[in-house]
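Trainee: Give me a model of this one.
(chains A and B)
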There are 2 protein chains.
Amino acid sequence: MISDAEIEQVYQFALELGKNAGKLLLEAAQKRMSGDVQLDEVEKLNSVDIVTKTDEEVEAFIRTSILEKYPDHKFVGEESYSKGSSKEYLIDDSPTWCIDPLDGTVNFAHLSPFYCVSIGFLVQSQPVIGIVCAPFLQQTFSARRDHGAWLNETVRLPLQRNPVPPLPPTAPKGCIFSCEWGKDRRDIPDGNLARKVESFVNMATELGGKGGKGGMVHGVRSLGSATLDLCYVAMGGFDIWWEGGCWEWDVCAGICLLQEAGGLVTTANPPEDVDHAPVPPAKLGGRLYLAIRAAGDGEGESGREAQERVVREVWMRVRKLDYERPGA
Amino acid sequence: MISDAEIEQVYQFALELGKNAGKLLLEAAQKRMSGDVQLDEVEKLNSVDIVTKTDEEVEAFIRTSILEKYPDHKFVGEESYSKGSSKEYLIDDSPTWCIDPLDGTVNFAHLSPFYCVSIGFLVQSQPVIGIVCAPFLQQTFSARRDHGAWLNETVRLPLQRNPVPPLPPTAPKGCIFSCEWGKDRRDIPDGNLARKVESFVNMATELGGKGGKGGMVHGVRSLGSATLDLCYVAMGGFDIWWEGGCWEWDVCAGICLLQEAGGLVTTANPPEDVDHAPVPPAKLGGRLYLAIRAAGDGEGESGREAQERVVREVWMRVRKLDYERPGA
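Mentor: All right, here's what the predicted structure looks like:
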């Protein structure tokens, strides 16, 4: 077992590591920016090469730093995993680091601000530390289990906490809904793209529309980074995030952050009995996530009850997604 | 006629004004955040009230500052306009300020980061100064005609400019596409929501899909702020922005920024002859906008030719939107 004092040490180490990895991402971005271009390097590489190179270099930096400091810990990284032959879920009860060196890869390739490094640490298969650094946005999110979630080490999350506002009684009306179009764009009847779009449209349409499924959310947002989506739900800036298709390294740190900020995360896929089925915790490797922000107690309803109410309101309006996961 | 030296003075004044108005927005946001809450005030107001109050106060601050310094200039502000009885287009050839004190109102209400103040200045109906300050993001965008567009006064836009990358030969494939769901959520056949969604889906679907309209864009983004969308196209982080329904104060500063960063802005609505119709400049008050980022010259194609090619590729895939505008 790892003691609380040890976890605190690991947390401080992970936070510095995240900030340093963020600096590496920003330096790689700045190489392509005004005044700081290394033409000979850029000319040899197209933007996909540059991104792959950055991804690999930052993962190697993180992996080396961790294994030097904690040689007994396990390491699951997006880049090393992608090169493996299987798609198995590799997280077990050992102290394990679960890393995405560059989330929001498409944004990074285009120098769009929404990219970050994501560093999660698990004990007994539970995320207990989460660090996310989005260097262009100058936002570093950090959380340690039972010690809260923070923006730039000074602002506790959620942002609005005196008191934490309740969820709207009419939710999803009044909520900001965050979702992603993802990479599966096949034009097949009832494929993931069609199901996602149907779900987005249900959430957005006026109340009473779409055969009663219209949710009239206050806004629909897509940033192109699952990790930042989760951080923004932890901030309370997004009320709901619904997504399928990402992987444990995309969400491990974010889930720790969200939970420490009082948020709830469950599965994106609605059960048979939407009204009464239990609301299960999300499976880290399940590739299906529905996150709800922290909620203050409302009239005749606890915050947790309100979160579960909103989960059911979302489940009512969304389609099941089909993302396979061997062995999870 | 206003001299170049006078415009430079107005620019410096507008830049300070934008940063100060941004501070006011952030202070209003911080009142609701941890550690800085004025409970008595917050308890009296719901979040819509708070937003309206901020909107009005910041517009009053901007208007007062301008009229004190430039009593002869005309002022068109979102808040004062909304209270007017007509929806007429009020911009003529006089030196005119066109202001949105708070763009991304829904984000602001939820403390989501994507809100900003937008300050445009027009001479002869042309935007010649654009200032956008997004205080939570610590991003201030500024442009003055013929003097470039800048992020935080130090980084010239677009971010990648040595050289400015060409647009992909396969565009919209390879492009980041930015769009907004907007406020018109009526569930009517062939209404604006249905047309927008059909357009988004065409842009996103794999090549060859959707009866040949599939555009396989690299990513779909929605921030909930037309002003920031334009700024991010000016940065080059978004390649394409397509939107209907916003107003001149939402886009005036952003159009100046985009043009100074080498971008193109035309109408969202496709003409009859998509392949050969001229690509007209956007009408400031036309409520229909399609923006393309700066483009370097490519093989056998100038940057401007590439931008027009991408405009036609978008027009091929999107539906006409129906937003009325009396007198524009």
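Trainee: so who does the most centrally placed residue in chain A touch?
Mentor: Centre of chain A computed as the mean C-alpha position; nearest residue by Cα atoms, centre = their mean is residue A:227, 2.9 Å away. If a contact means Cβ atoms under 8 Å, 6 or more residues apart in numbering or on different chains, then residue A:227 has A:100, A:103-104, A:116, A:118, A:132, A:250-251, A:253-254 as its contacts. Bear in mind the C-beta positions are built from the backbone N, C-alpha and C, glycine included.
Trainee: host element of residue A:166?
Mentor: For residue A:166, there is no host helix or strand (DSSP states H and E).
Trainee: Surely it is in contact with residue A:302?
Mentor: No: with contact defined as Cβ atoms under 8 Å, residue A:166 and residue A:302 do not form a contacting pair (9.7 Å).
Trainee: ok, the residue of the stretch 201-328 of chain A found nearest chain B - how many residues close by?
Mentor: In the stretch 201-328 of chain A, no residue comes nearer to chain B than residue A:209, which is 2.8 Å away by Cβ to the nearest Cβ. Applying other Cβ atoms under 10 Å in any protein chain shown, we find 19 residues neighbouring residue A:209.
Trainee: Can you report how many residues neighbour the spatially closest residue to it that is not a sequence neighbour?
Mentor: Among residues not flanking residue A:209 along the chain, residue B:187 sits closest, at 2.8 Å (Cβ to Cβ, 6 or more residues apart in numbering or on different chains). Residue B:187 has 19 neighbours, counted by other Cβ under 10 Å.
Trainee: need the contact list for the residue of the stretch 1-150 of chain A at minimum distance from chain B.
Mentor: Relative to chain B, the nearest point of the stretch 1-150 of chain A is residue A:112 (3.4 Å; Cβ to the nearest Cβ). The contact partners of residue A:112, taken as Cβ under 8 Å, 6+ apart, are A:104, A:106, A:224, B:176, B:219, B:221, B:232, B:235, B:237-238.
Trainee: sorry, back to before: between the contacts of residue A:227, which is closest to residue B:205?
Mentor: Closest approach between the contacts of residue A:227 and residue B:205, by Cβ to Cβ: residue A:104, at 21.9 Å.
Trainee: residues contacting that closest one?
Mentor: Residues near residue A:104 by Cβ under 8 Å, 6+ apart: A:112, A:114-116, A:223-225, A:227-228.
Trainee: So residue A:234 is in contact with residue A:258, correct?
Mentor: Yes: contact criterion Cβ under 8 Å: residue A:234 and residue A:258 qualify, at 4.6 Å.
Trainee: Return every residue with contacts to both of the two.
Mentor: residue A:149.
Trainee: all helices for the stretch 151-300 of chain A, in order.
Mentor: Per DSSP state H, counting those that start in this stretch, the stretch 151-300 of chain A carries helices over the ranges A:192-204, A:226-235, A:248-260.
Trainee: what domains does the record give for chain A?
Mentor: A:4-156, A:176-317 (automatic domain parsing).
Trainee: Could you single out the most deeply buried of those?
Mentor: Mean neighbours per residue, mean count of other Cβ atoms under 10 Å in any protein chain shown, is largest over those for domain A:176-317, with a mean of 22.
Trainee: mean confidence for that one?
Mentor: Mean pLDDT, computed over domain A:176-317, is 97.
Trainee: what about that domain, how long is it end to end?
Mentor: Separation of the first and last residues of domain A:176-317 by Cα to Cα, to the nearest Å is 15 Å.
Trainee: what's the spacing between it and its chain's center?
Mentor: Its chain's C-alpha centre and that of domain A:176-317 lie 11 Å apart, by Cα atoms, centre = their mean, to the nearest Å.
Trainee: before we move on, what about stretch A:19-35?
Mentor: Mean C-alpha position of stretch A:19-35 versus that of the full chain (Cα atoms, centre = their mean) differs by 22 Å.
Trainee: which residues of chain A fall in strands?
Mentor: Along chain A, counting by DSSP state E, strands occupy A:74-77, A:96-103, A:116-123, A:126-134, A:139-144, A:149-151, A:155-156, A:176-179, A:219-221, A:240-244, A:264-266, A:288-292.
Trainee: Same list, those, but as a markdown table with distance to chain B please.
Mentor: A markdown table is the format used below for these (distance: least, Cβ to the nearest Cβ, whole Å):
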| stretch | distance to chain B |
| --- | --- |
| strand A:74-77 | 23 |
| strand A:96-103 | 13 |
| strand A:116-123 | 14 |
| strand A:126-134 | 10 |
| strand A:139-144 | 8 |
| strand A:149-151 | 10 |
| strand A:155-156 | 5 |
| strand A:176-179 | 5 |
| strand A:219-221 | 4 |
| strand A:240-244 | 11 |
| strand A:264-266 | 17 |
| strand A:288-292 | 14 |
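Trainee: Pipe those strands into JSON lines and attach distance to residue B:195 per row.
Mentor: Output for the strands of chain A, formatted as JSON lines (distance: least, Cβ to Cβ, whole Å):
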{"stretch": "strand A:74-77", "distance to residue B:195": "43"}
{"stretch": "strand A:96-103", "distance to residue B:195": "33"}
{"stretch": "strand A:116-123", "distance to residue B:195": "34"}
{"stretch": "strand A:126-134", "distance to residue B:195": "34"}
{"stretch": "strand A:139-144", "distance to residue B:195": "35"}
{"stretch": "strand A:149-151", "distance to residue B:195": "38"}
{"stretch": "strand A:155-156", "distance to residue B:195": "41"}
{"stretch": "strand A:176-179", "distance to residue B:195": "20"}
{"stretch": "strand A:219-221", "distance to residue B:195": "16"}
{"stretch": "strand A:240-244", "distance to residue B:195": "24"}
{"stretch": "strand A:264-266", "distance to residue B:195": "34"}
{"stretch": "strand A:288-292", "distance to residue B:195": "29"}
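Trainee: All set, thanks.
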